[in-house]
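Peer 1: what would the 3D arrangement of this be:
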Amino acid sequence: MELINPQAEQYAKTNTSALDDVLSEIESYTLANHPHAQMLSGHVQGKVLEFFSRMIAPQRVLEIGTFTGFSALCLAKGLTEDGKLVTLELREDDAATAKKYFAKAGMETKIDLRAGDALQIIPTLNENWDLVFIDADKVNYINYYELTLPSVKKGGWILADNVLFHGEVLQETIKGKNAIAINAFNDHVKKDDRVEQAMLTVRDGLLLIQKK
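Peer 2: Sure thing, here's the model as predicted:
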């Protein structure tokens, strides 16, 4: 299902500030070479992530799902002087690509990339998060949410990507394990009195969640 009018999407991109050289390179490389290039956050959403991070100026950020490093670099732009972003990636080849671009952007000391299963890594992280970005396998969104929310600071944020899942969550009968999982996640957050949330129709849907 086409959620965003292509002309509107292009108009939004035209009227959004340009990406820096490294982000532009990641975008071009991923679109040209990766079989799952549609997973890239992209120009407009990348700027939204960057601006959101700059607004809250986080000291500690956790990203679940690095992919080729685009969103991590966007989020890292808002880090405080002593800030750190920890990003988790299951696929070794994507982690290697991201690490290369982190170094190219001069952010290798600010971004701590860990390759492996996020469900196993998250419990070992001894941090309190200002911001968590969930953009990994959809069937585990509720698990990632429940694993991280206790470590999110009061007033801190969780951002979840793909919460419209290509429009499949809008169908009268939701089919497919990913769409079913995303719909369950959205309902789970809606019923959680520990947080408040707002769903944005940017790209494939972005859920802003603030811990009370």
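Peer 1: make it CA atoms for all contacts and neighbour counts henceforth
Peer 2: Noted.
Peer 1: quick one: find the helix or strand in the chain with the lowest mean pLDDT.
Peer 2: helix 6-14 (a mean of 92; mean pLDDT, DSSP states H and E).
Peer 1: now do the buried residues in that helix.
Peer 2: residue 13 (16 or more other Cα atoms under 10 Å).
Peer 1: may I have it exported as PDB, CA atoms only?
Peer 2: Presented in PDB, the C-alpha positions along helix 6-14 are these (Å, rounded to 0.1, in the frame of the first residue of the first chain):
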ATOM      1  CA  PRO A   6       5.500  10.100  -4.200                       C
ATOM      2  CA  GLN A   7       5.300  13.800  -5.300                       C
ATOM      3  CA  ALA A   8       4.700  14.900  -1.700                       C
ATOM      4  CA  GLU A   9       7.700  12.700  -0.600                       C
ATOM      5  CA  GLN A  10       9.900  14.200  -3.300                       C
ATOM      6  CA  TYR A  11       8.700  17.700  -2.400                       C
ATOM      7  CA  ALA A  12       9.500  17.100   1.300                       C
ATOM      8  CA  LYS A  13      13.000  15.900   0.400                       C
ATOM      9  CA  THR A  14      13.600  19.000  -1.800                       C
END
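Peer 1: which element follows it toward the C-terminus?
Peer 2: Following helix 6-14 in sequence order, the next helix or strand is helix 21-33 (DSSP states H and E).
Peer 1: gap between residue 184 and residue 97?
Peer 2: 32 Å (Cα to Cα, to the nearest Å).
Peer 1: any chance you could map the helices in this structure?
Peer 2: 6-14, 21-33, 43-56, 70-76, 92-104, 118-121, 141-148, 177-190 (DSSP state H).
Peer 1: for residue 165, which of those helices is the nearest?
Peer 2: helix 177-190 (6.0 Å; Cα to Cα).
Peer 1: and the angle from the closest one to helix 141-148?
Peer 2: 40 degrees (axes from the mean of the first three to the mean of the last three Cα atoms, to 10 degrees).
Peer 1: need the residues that contact helix 177-190.
Peer 2: 138-142, 162-165, 168-169, 174, 195-197 (Cα atoms under 8 Å, 6 or more residues apart in numbering).
Peer 1: can you check stretch 23-38 too?
Peer 2: 40, 42, 68, 69, 70, 73, 101.
Peer 1: buried set for that stretch?
Peer 2: Buried residues in stretch 23-38, defined by neighbour count with 16+ other Cα under 10 Å: 23, 26, 27, 30, 31, 37.
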